[in-house]
Each structure stands twice: as structure tokens, then as C-alpha cells.
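Trainee: Provided below are the primary sequence and the corresponding predicted coordinates.
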Amino acid sequence: LKTAFGGQLLSALGRDGNDNMVPIAFAVVEVERYDSWKWFLELLMADLGMGRDNIPWTFISDRQKGLVHAVNELFPNSEHRFCLRHMYQNFNQKFKGKEMKDMFWAAASAGNEKEWKVAMIELEKANKEAAEWLSRIPPALWSRSHFTGYSKCDILVNNLNESFNNYILEARELPIIGMLEWIRRRLMQRIQTKRSGMQKFQGEICPNIAEKIDKNQRLSRTFVATWDGGHKYEVDCGVRKCVAVNLKNWTCTCGYFQLTGYPCAHACAAIGVCRLPIKNYVHTCYTRAEYLKTYAHTITPVPSDIYWITTEEESINPPAVKRMPGRPKKLRRKAQDEPKKGQVSTRKGLVVHCKRCFQPRHNSRTCKNPIHPNSKFYKVIFLVHLNVICIASVCINNVKYHSYRHLKQAQLNQLLSRPLNHSQLVKE
């Protein structure tokens with residue numbers, strides 16, 4: 001937080017059936033550490049429980065201070081993933097280059113263990129130390145090939161927190177009560193907007209998920225699916241690549257069907273052969289009805305503080321002000337590989353070129369060289385030179401002025417070759 005008292009805002013965010021952000025809980029603490037996260041997660045566990053329908057919650061985090069230990073202690077059966085963007089920043093400090101980056105993301109994006117092993121072997125061939133560094137971290141924390149399919153979510157990066165930070169950017173400079181009231185009011189409006197927007201939607205599957213399924217269907221047009229007479233299909237994807245799809249168990253060799261909960265491109269090819277509705281193979285969490293259940297609640301309006309109930313409890317004193325050295329920072333620190341928006345360009349390291357003669361290390365004010373034909377100064381002098389001659393000829397011959405564009409090139413060259421004698425022209 002960017003106030004004089006500092007502090008940290010802890011938040012827990014979810015993902016709805018349309019792949020959007022759902023704020024669940026937030027709290028303000030003094031510092032980010034194990035005790036703060038444990039207190040926050042204990043309150044979260046009291047409200048949400050250990051899971052839903054005997055399925056434990058799935059957590060993804062940036063490996064904040066004390067959070068990993070608190071999650072493992074309070075939610076021992078839950079799956080905990082690491083954000084790959086922050087993990088890659090640590091990887092990139094030791095192993096740089098586009099080749100290392102592509103191999104890192106190939107191992108993380110592998111949908112099954114076989115593809116993950118192949119990606120790790122390729123990484124080991126390129127750089128043995130990089131493969132050893134990555135192998136020290138359990139793959140269940142960072143690779144899709146080892147994720148469970150309980151959450152029906154295949155995300156690898158923690159973009160939800162970045163979206164929420166940008167969402168409350170304006171409120172972080174307010175006093176604590178004003179900040180909390182600002183966030184509460186925005187969330188109250190967000191819940192109503194999401195609910196009314198989906199009520200107008202007529203489809204059964206949420207629009208963002210329906211768009212992903214349509215993309216998989218277009219990709220499946222190049223595949224050939226062969227039916228075995230039961231519930232299984234062999235899908236030919238191209239040269240030396242075939243996968244098996246089981247529509248009864250909702251599984252595919254690639255791993256994405258069971259991981260996401262909606263048909264992958266291979267499953268779409270198999271469903272097209274049997275000519276069944278594709279919505280029958282989409283998990284219920286992506287339906288319009290389940291989405292409306294997510295936003296069925298409301299946040300109660302709160303009047304201003306003059307209408308609050310007065311209690312006899314002791315007043316809360318503000319925390320001590322900690323004046324940090326240097327100018328207070330408003331924006332977060334960006335990684336080296338992140339694009340910098342709004343960057344101001346400077347002349348540092350650049351060589352100045354003259355606009356008159358196009359030569360380096362001087363400008364047009366101090367230029368003594370002849371004018372380059374492609375320079376804008378040459379064009380201006382050309383027009384002035386020509387206009388003076390044409391105006392003089394009009395005055396002398398008393399004829400209509402003709403544009404220099406109608407003259408032939410030889411005539412233009414002849415006019416330009418004449419020396420200008422301004423006193424003679426004025427006299428004439």
C-alpha cells in the first residue's frame with residue numbers, strides 16, 4: 001500500500017466459468033510473512049472449508065514469503081502451483097537466451113508425462129545445468145503434465161493477481177477505511193454487472209469457453225478419427241502422431257481434455273464422427289447456470305460513517321509511520337524481459353545528423369556544406385528560386401502565371417541555372 005503507514009493487502013481470487021476474475025477475500029496486514037498468511041488462510045478455511053464436493057482447493061501463487069509453508073500446513077491435500085512467470089525470472093538469471101526460454105516453456109506446457117520427459121531430455125542436451133536446476137523443483141508445482149484435473153483449470157501464470165492489482169491501483173493511495181470502502185463499492189458494482197450481463201446471454205456455455213471450443217473444432221478439421229465401436233477413438237493428427245480419445249471417461253492422450261474439462265481438438269474430431277452435441281462433453285462449471293450461481297450473492301450497501309453504530313470498545317490507534325529512504329515508488333518493479341510502456345526516448349548514444357546536408361555530428365544551424373538534393377531545405381530554396389523567376393517574368397511580359405509543374409524538366413533546369421540578380425529584377 002502507498003500510504004504513509006505502509007502495509008500489505010492480502011487477497012484470495014478465484015476463476016469463474018467464463019475465465020474471469022472472482023475476488024473472494026482480502027485483508028490488510030502490517031507485513032507479509034508466515035504469521036500473516038496463516039491468519040488469513042485460517043479465516044479463508046473457516047468460510048470456504050477444505051474444498052467442495054470432496055475435491056480440495058487448488059492454489060497458485062507467486063511463492064510469497066511464508067505462503068508456501070502456510071498452505072502446506074493448513075491445506076495438506078490441496079494442489080499448489082507456482083506462477084511460471086516468476087519462476088522463469090529466476091531461471092533466466094542463470095540461463096539466458098531464447099533457446100533456453102522456449103525449452104523451459106515447452107517442459108511446463110507439456111500435457112502428459114511422455115511429452116514432459118522428451119522436453120526435459122532436449123533441455124538436458126542443450127544445457128545440463130539448466131535441466132538439473134529445473135529438476136530440483138517437483139514437476140507437480142509447475143508442469144501441466146503432473147497437474148490433477150480436479151480444478152478443471154490449466155493456467156500456469158498468476159495473472160489474476162496482476163489483474164486485481166491493476167483493478168485497485170487507484171485505491172492503494174487512500175487511507176485504509178477509504179480504500180476498503182472504495183474496493184467494496186467497486187466489487188458490489190462488478191458482481192451486479194457480471195450477473196446482469198450473463199442473464200442477457202442466451203447460450204448454454206459461457207462465451208469465452210465457447211470461443212475456445214470453436215477454435216478447437218476448427219483445428220480438428222485436419223484430423224482423422226477412427227471409431228473402435230465402443231467409446232474409444234484413434235485420432236490421426238499428422239505425420240507419425242496419433243492419440244487415443246475415450247469419450248466415456250472424458251480423457252485424451254494429450255492430457256488437455258481431462259485437465260480443462262472441455263473437449264480438446266482431438267476430442268472434437270471424435271465427437272464429430274459420432275455426431276453428438278459437443279455441449280454434452282463440457283463440464284458443468286462452464287455452463288451459464290453455474291456462472292449465475294457464482295454471482296447470485298450481493299454485497300450489502302453501507303451508509304456513511306455518521307450512521308454507524310457507536311460502540312464502547314477502545315479506539316484503534318494508527319500504526320507507527322515508517323519513513324523509508326528515497327522517493328516513494330508508485331509502480332511495481334518490472335522484470336527485465338517485460339515490455340516497458342510509455343518509455344521516453346532520449347538522444348543518449350545517438351549520433352546527430354544534419355537535416356541540410358545529411359552529414360553526421362552537426363546540425364543545420366552550423367552547417368556550411370552544400371544542400372543535399374533530398375533535403376527539405378533544397379526543396380524550399382528550389383520553390384523560392386523558381387517563384388521569383390516566374391513572378392519577374394509575369395511582371396515583365398504581363399502574362400498569366402503558370403505553375404512550375406507544367407514546365408518541362410529542361411526548362412526548369414534552364415531557369416535554375418540563371419543567377420538571381422534581385423536589384424535587376426526590382427528595377428525591371
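Mentor: Perfect, thanks for sending it.
Trainee: could you give the number of residues near residue 114?
Mentor: A count of nearby residues for residue 114, using other CB atoms under 10 Å, gives 12. C-beta coordinates here come from the backbone N, C-alpha and C atoms, glycine included.
Trainee: before we move on, what SS does it have?
Mentor: Recorded secondary structure, residue 114: helix (DSSP: H, G, I helix; E, B strand; the rest coil).
Trainee: show me where pLDDT drops low in the stretch 201-350 of the chain?
Mentor: Along the stretch 201-350 of the chain, segments meeting pLDDT under 70 span 328, 330-349.
Trainee: 50 instead, please
Mentor: Along the stretch 201-350 of the chain, the model assigns pLDDT under 50 to no residue.
Trainee: who are the packing partners of the one helix or strand residue 258 maps to?
Mentor: Element membership of residue 258 [criterion: DSSP states H and E] is helix 256-260. If you count contacts as 3 or more CB pairs under 8 Å, 6 or more residues apart in numbering; DSSP states H and E, helix 256-260 packs onto strand 251-252.
Trainee: who does the strand it packs on pair up with?
Mentor: Applying DSSP bridges, strand 251-252 is found paired with strand 241-246 (antiparallel).
Trainee: buried residues, the partner strand. List them.
Mentor: Neighbour counts using 16 or more other CB atoms under 10 Å place 243, 245, 246 of strand 241-246 among the buried residues.
Trainee: now swap in stretch 119-133 and tell me
Mentor: Going by neighbour count (16+ other CB under 10 Å), the buried part of stretch 119-133 is 119, 120, 123, 124, 127, 130, 131.
Trainee: from those residues, which two are the most distant?
Mentor: Within those, 119 and 127 form the most distant pair, 13.1 Å apart (CB to CB).
Trainee: so what's the residue nearest the centre of the chain scoring on pLDDT?
Mentor: The centre of the chain sits closest to residue 159, judged by CA atoms, centre = their mean, with a distance of 7.0 Å. Residue 159 is assigned a pLDDT of 86 by the prediction.
Trainee: go on, the one 3 residues further on?
Mentor: You'll see residue 162 listed with a pLDDT of 85.
Trainee: number of nearby residues for it?
Mentor: So residue 162, with other CB under 10 Å, has 15 neighbours.
Trainee: likewise for the one 4 residues further on?
Mentor: The criterion is other CB under 10 Å. On that basis, residue 166 has 10 neighbouring residues.
Trainee: for the one 3 residues further on, same thing?
Mentor: Other residues within reach of residue 169 by the criterion other CB under 10 Å amount to 13.
Trainee: check what pLDDT it gets.
Mentor: pLDDT at residue 169 comes out at 87.
Trainee: what do you get for residue 399?
Mentor: Predicted confidence (pLDDT) for residue 399: 38.
Trainee: now do residue 123
Mentor: pLDDT, residue 123: 94.
Trainee: for residue 63, which residues are in contact?
Mentor: Contact analysis of residue 63 by CB atoms under 8 Å, 6 or more residues apart in numbering lists 82, 83, 86, 87.
Trainee: again, only this time at 10 Å
Mentor: If a contact means CB atoms under 10 Å, 6 or more residues apart in numbering, then residue 63 has 80, 82, 83, 86, 87, 90, 141, 158 as its contacts.
Trainee: just the buried members of these?
Mentor: Looks like these have 80, 82, 83, 86, 87, 141, 158 buried, using 16+ other CB under 10 Å.
Trainee: my guess is the second one meets residue 71, correct?
Mentor: No. The criterion here is CB atoms under 10 Å, and residue 82 misses it with residue 71 at 11.3 Å.
Trainee: got any residues that touch both of those two?
Mentor: With CB under 10 Å, 6+ apart, residue 82 and residue 71 have common neighbours 59, 61.
Trainee: for the buried residues of strand 241-246, which one is nearest residue 329?
Mentor: When these are ranked by distance to residue 329 (CB to CB), residue 243 comes first, at 49.4 Å.
Trainee: how about the nearest residue to the closest one, chain neighbours excluded?
Mentor: Among residues not flanking residue 243 along the chain, residue 253 sits closest, at 3.9 Å (CB to CB, 6 or more residues apart in numbering).
Trainee: and that neighbour, how far from residue 353?
Mentor: Using CB to CB, to the nearest Å, residue 253 is found at 60 Å from residue 353.
Trainee: cool, residue 190 as well?
Mentor: Counting by CB to CB - residue 190 and residue 353 are separated by 53 Å.
Trainee: neighbour-wise, which of those two wins?
Mentor: Set residue 190 next to residue 353 and count neighbours by other CB under 10 Å: residue 190 wins out with 17 against 14.
Trainee: wasn't that one part of a strand?
Mentor: No. Assigned with three-state DSSP, residue 190 falls outside any strand and is helix.
Trainee: and it, what does it touch?
Mentor: Residues in contact with residue 190 (CB under 10 Å, 6+ apart) are 20, 21, 22, 23, 167, 295, 299.
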